[in-house]
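# fold the following.
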Amino acid sequence: MRTILELNTGLFPDGDTVANAIATRVGQDQVVSLDMSNLKIDDTESWDAAAVAILDADLVVTV
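Numbers count the residues shown, from 1 in each chain. Below is the predicted model of the structure:
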């Protein structure tokens, strides 16, 4: 089973379509969702956690 990391940034107008497509993978792959839309630049703990999640994932999708 591979790990898909969904980075929710709020930057893409069609993000919901991509998120729905990723949701179809649940059960076949491990899907991890990380909301980065309101992440502050000085929140080093959250940025570090995001970096670890990115490095651990087999596939990263930004929506």
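# CA atoms for contacts and neighbours, from now on please.
Will do.
# residue farthest from the centroid of this structure?
residue 42 (19.8 Å; Cα atoms, centre = their mean).
# now it: how far from residue 18?
Look at residue 42 and residue 18: by Cα to Cα, to the nearest Å, they are 29 Å apart.
# may I see the buried residues of the helix or strand containing residue 19?
Using DSSP states H and E, residue 19 sits within helix 15-23. Neighbour counts over helix 15-23 (16 or more other Cα atoms under 10 Å) mark 19, 22 as buried.
# same for that helix, what does it pack against?
Applying 3 or more Cα pairs under 8 Å, 6 or more residues apart in numbering; DSSP states H and E, we find helix 15-23 packed against no helix or strand.
# the very next helix or strand once past it pairs with which strands?
The helix or strand immediately downstream of helix 15-23 is strand 30-35, counting by DSSP H and E. When pairs are called by DSSP bridges, strand 30-35 turns out to pair with strand 3-8 (parallel).
# quick check, residue 60 in contact with residue 8.
No. Residue 60 lies out of contact with residue 8 (Cα atoms under 8 Å); the separation is 10.7 Å.
# mind listing residues that contact the longest helix seen in the chain?
Longest helix of the chain, by residue count under DSSP state H: helix 44-56. Contacts with helix 44-56, where a contact means Cα atoms under 8 Å, 6 or more residues apart in numbering, come from 3, 5, 34, 39, 60.
# so which of these wins on neighbours?
Greatest neighbour count in the contacts of helix 44-56, by other Cα atoms under 10 Å, goes to residue 5: 23 neighbours.
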